Structure formats: C-alpha cells, structure tokens
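>>> Task: produce atomic coordinates for the following.
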Amino acid sequence: MYLPATFRQNDLAQLHAQIRQTPLAILTSTGSQGLQASHLPLLLEAGEGEFGTLYGHFARANPQWRDLAAGAEVLVVFPGPDAYVSPSWYPAKAEHGKVVPTWNYISVHAWGQAEVFDEPERLLQLVSRLSDHHEAGRPQPWSVEEAPRDYLDSMLRAIVGFVLPIRRLEGKWKLSQNRSAADQAGVREGLGASAKVRDHELAARMAEAND
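Numbering: from 1, shown residues only. Coordinates of the predicted model:
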C-alpha cells in the first residue's frame, strides 16, 4: 500500500493488536486462476518468527488454497476503522479555504508463503482454537467437543488448513497527522458527532494516537 512516512506504523505490538482486533481478514493470492481473495477468520501467534504467524483454513471447495499449496506469495489485509473526513471540520477552512475531503483509516498488511495441511488432528486443533477464541467472553461459550465426533470428522474433511509465517508487515494509521492540531481536533469533534458507530471508533483511535 502507499505508505507515506507520516502515516507509517512500526510498533509491532500495535500492529499485532490491530490484527487481533480484526475478526475477518482478506487473504489475496495470484495463481493459475488469476487474482483471488477470500474473507477468513485468522489466529495470530505473536511469538513465532520475527513478525508472528497466522493460522486459518479454507473450505476445500475454495480453489484458492491450491495457490498456497503451490507456493504463491500471500497478502493478508486487516482493515481497521475508517471514516470520511469533511473539509467543513477543519478550522483552516475558515482561514483560507484551501481544504479538500479525505478518508482516515487504519490498516495492516501482512505477506508470506504458507504451509497447507489437511491432517484431521491438526485441523481439529485449529478449529478448536478458532472457536475458543471467538466464543471467549460469552455467558455459555460453545466448544467443538459439543458436536458429535462423526459430524466433526465430516466437517474436517471439507476444509484445508494453513500456517502462514509473516515475512513482511506494514501498518498505516492515517489519522490526520499531516494536519494542524486544531484541524485534528476538528476532525475528532466531527467524527464524534456522527451517527455512525465506526466514525466514533476512529475518533477514539485518533485521540489515543495523540495522547
């Protein structure tokens, strides 16, 4: 992605935090069937390798896993909150009028080559960890063990797992850092007054970045 130094996020802990806060990633690859993308829930193991390792699975009927099996490089996008920024929120508009709309957002990109696997026990461990992760905090969390084993076995035959060591990691926090403090405050106020929950989330992230 286009990454001016002003918006570059290099802090590994914050990059990992954003990955964990993104419940559904976009995994892209290029192979024999051209450019493909799938929306997948992924797990991050931060202690594995320099940048961490991602774990996930495809439906076996999804041909994209064959790109990974063939050694294709993968780009995984973890989109964070985003919002339209109106020029009317800038105090600079009243001063000189030299303002235009833009879009603020947070995003993390991860690259690597994956190992594909379909051994039943490895798949069972993976789907168990994914389920436990997303069920955590629920009053009565569901676990994989609650499903009949013969049913689980049939479901496991219908998926293909992968392990993706991250070889390159980039983060972009475009949060009006190129504007004056007054303009940044105007953007936060404008987003905070919005009826959109996502706008409020981005306003909070801007406030965190300026603390």
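>>> got a list of what the closest residue to Trp173 other than its chain neighbours touches?
What sits nearest to Trp173 in space, not counting adjacent residues and going by CB to CB, 6 or more residues apart in numbering, is Gln9, at 4.6 Å. All C-beta atoms are positioned from the backbone trio N, CA, C, and that covers glycine. By CB atoms under 8 Å, 6 or more residues apart in numbering, the contact list for Gln9 reads 15, 108, 171-173.
>>> if we go to 7 Å?
Counting by CB atoms under 7 Å, 6 or more residues apart in numbering, Gln9 touches 15, 171-173.
>>> could you measure it against Gly171, distance?
Between Gln9 and Gly171 the computed distance is 3 Å (CB to CB, to the nearest Å).
>>> Can you pull the residues that touch both of those two?
Leu15.
>>> which ones are touching the residue nearest the centre of the chain?
Central residue of the chain (CA atoms, centre = their mean): Phe78, 1.8 Å from the mean position. The contact partners of Phe78, by CB under 7 Å, 6+ apart, come to 18-19, 22, 25, 107-108.
>>> That one bridge partners, please.
Phe78 has these beta-bridge partners by DSSP bridges: Val108.
>>> Now the residue nearest to Trp173: phi and psi?
Main-chain torsions, Gln9, degrees, to the nearest 10: phi -110, psi 120.
>>> Could you do Tyr105 as well?
phi -170, psi 170.
>>> Which of the helices or strands spans the residue lying closest to it once chain neighbours are set aside?
In space, and not counting its chain neighbours, Tyr105 is closest to Asp82: 3.6 Å by CB to CB, 6+ apart. Assigned by DSSP states H and E, Asp82 belongs to strand 74-85.
>>> May I see the buried residues of that strand?
Within strand 74-85, the residues that count as buried by 16 or more other CB atoms under 10 Å are 74-78, 80-81, 83, 85.
>>> Adding pLDDT and distance to Ile166 as columns, could you present those residues in TSV?
Formatted as TSV, the buried residues of strand 74-85 follow (pLDDT from 0 to 100; distance: CB to CB, whole Å):
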residue	pLDDT	distance to Ile166
Val74	97	10
Leu75	98	11
Val76	98	8
Val77	98	13
Phe78	98	11
Gly80	96	17
Pro81	96	22
Ala83	97	27
Val85	97	30
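>>> where do the helices sit along this protein?
12-21, 64-69, 92-95, 120-135, 149-156, 181-192, 197-210 (DSSP state H).
>>> ranking those by mean pLDDT, which is last?
Among the helices of the chain, helix 92-95 carries the lowest mean pLDDT, a mean of 80.
>>> contacting residues around that one?
Helix 92-95 is contacted from outside by 87, 99, 180, 183, using CB under 7 Å, 6+ apart.
>>> What degree of burial does the closest residue in space to Leu43 that isn't next to it in sequence show, as a neighbour count?
Leaving aside its chain neighbours, Leu43 sits nearest to Tyr55 (4.4 Å; criterion: CB to CB, 6+ apart). For Tyr55, the count of nearby residues is 20 (other CB atoms under 10 Å).
>>> Does Tyr55 touch Leu126 like I think?
Yes - Tyr55 is within contact range of Leu126, at 5.9 Å (criterion: CB atoms under 7 Å).
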